[in-house]
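Novice: sequence and computational prediction follow.
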Amino acid sequence: MSRLAGIARKEVFTANQAVFQQDTPGDKMYIVKEGQVEVRINDHNGHGHPAV
């Protein structure tokens, strides 16, 4: 964890702001310090549904 702390950067997101999009390459790891995150998966019609 101490190694992560040395390279971590703080990012702030507003309510309902997307953190990442489905099918885009992942190049970051997010740790939620406070608040809530909802992960949604789009179906073949483009409608989002909760992933869990």
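Specialist: The structure has been received and is ready for your questions.
Novice: can you tell me which residue is spatially central in this protein?
Specialist: residue 19 (4.2 Å; Cα atoms, centre = their mean).
Novice: now the closest residue to residue 40 other than its chain neighbours: how far from residue 26?
Specialist: With sequence-adjacent residues excluded and distances taken as Cβ to Cβ, 6 or more residues apart in numbering, residue 40 is closest to residue 48, at 3.8 Å. The way it works is simple: take the backbone N, C-alpha and C, and place the C-beta from them, glycine included. Going from residue 48 to residue 26 by Cβ to Cβ, to the nearest Å gives 18 Å.
Novice: can you name the next helix or strand after the least confident helix or strand in the chain by mean pLDDT?
Specialist: Lowest on mean pLDDT, DSSP states H and E among the helices and strands of the chain sits helix 2-7, with a mean of 86. Heading C-terminal from helix 2-7, the first helix or strand you meet, by DSSP states H and E, is strand 40-42.
Novice: mind listing residues that contact that next one?
Specialist: 22, 48-51 (Cβ atoms under 8 Å, 6 or more residues apart in numbering).
Novice: in CSV, list the residues you listed along with neighbour count and secondary structure.
Specialist: Formatted as CSV, those follow (neighbours: other Cβ atoms under 10 Å; DSSP: H, G, I helix; E, B strand; the rest coil):
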residue, neighbour count, secondary structure
22, 11, coil
48, 12, strand
49, 8, strand
50, 8, strand
51, 9, coil
